[in-house]
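In: give me coordinates for this.
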Amino acid sequence: MISVFIISAPSGSGKSTLVHRLLETVPDLTFSISYTTRPPRPAEKDGVDYNFISRDDFGARLARSEFLEYAEVFGNYYGTNRASFEKAVQEGRDLVLDIDVQGARQLKVAIPEAISIFVLPPSRAVLEQRLRARSQDSEEVIERRLKGAAEEVRNYTQYDFVLINREIEASAARLASIVEAERLRKARMEEEVAPILESFERNDS
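Out: This is a model prediction of the structure:
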């Protein structure tokens, strides 16, 4: 039995940094690298941050039902490959997905037991400051992202956990705590608990 962790946030909230910290500090996690039709940003690497593909390729994969979920965001398509989930199950490693609100909603239908986490910026002003500090987007794109963020943050009630990213180190520690706490749920511990119970029963008989 594996756990699936869905992490969503408005662009510029620090979600990618938090996910990277999570993968570095918590063992036995697999990151599902999403497919997208948007071009890579300067610091992004194909096959590491995203799998960058053409719209035609995306459409062909969609027709073959390769995606667990997909969504159109700011004119580009994003999708989660079904194979990444199947591989995680085979390897017994918990799966982490960095997806938007639309994709998260679809994935919760496909995998109802998935744990969803929404990352919020401390305020709109802070989010705008972070977007501008990246120096990656035009003024038009920044305004579009801020407008989209105003709509996205209203969906936080659909998530199991909410994480306000005021400071990266503290937020990374909280995110790791959520994952570790989920792993201690009774349903996850049954396999480890069984031999302990058996040892008590042997001594009582």
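In: so where's this protein shaky on pLDDT?
Out: Scanning the chain for pLDDT under 70 picks out the ranges 186, 204-205.
In: can you pull out the helices in it?
Out: Ranges of helices within the chain are 15-25, 55-63, 82-91, 101-110, 124-134, 139-152, 168-183, 186-204, based on DSSP state H.
In: using CSV, list the CA coordinates for the shortest one.
Out: Written as CSV, here are the backbone C-alpha positions of helix 55-63 (Å, rounded to 0.1, in the frame of the first residue of the first chain):
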residue,chain,number,x,y,z
ARG,A,55,0.9,19.5,-28.4
ASP,A,56,0.5,16.8,-31.0
ASP,A,57,2.4,14.4,-28.8
PHE,A,58,0.3,15.3,-25.8
GLY,A,59,-2.9,14.8,-27.8
ALA,A,60,-1.6,11.3,-29.0
ARG,A,61,-0.8,10.3,-25.4
LEU,A,62,-4.2,11.6,-24.2
ALA,A,63,-5.9,9.5,-26.9
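In: buried stuff in that helix?
Out: Within helix 55-63, the residues scored as buried using 16 or more other CB atoms under 10 Å are 58, 61. Using the backbone N, CA and C atoms, a C-beta is placed for each residue, glycine as well.
In: ok so, going back, relative to Phe161, which of the helices of the chain is closest?
Out: helix 168-183 (5.4 Å; CB to CB).
In: other SSEs contacting that closest one?
Out: Counting contacts by 3 or more CB pairs under 8 Å, 6 or more residues apart in numbering; DSSP states H and E, helix 168-183 packs against strand 4-8, helix 15-25, strand 115-120, strand 161-164.
In: tell me which of the ones you listed is the most buried.
Out: Mean neighbour count, computed with mean count of other CB atoms under 10 Å, is highest for strand 4-8 among the helices and strands packed on helix 168-183, reaching a mean of 24.
In: what's the angle between that one and helix 15-25?
Out: 150 degrees (axes from the mean of the first three to the mean of the last three CA atoms, to 10 degrees).
In: which residues sit against strand 4-8?
Out: Residues outside strand 4-8 that contact it (CB atoms under 8 Å, 6 or more residues apart in numbering): 15, 18-19, 85, 88, 94-101, 103-104, 107-108, 111, 113-119, 152, 159, 175, 178-179, 182.
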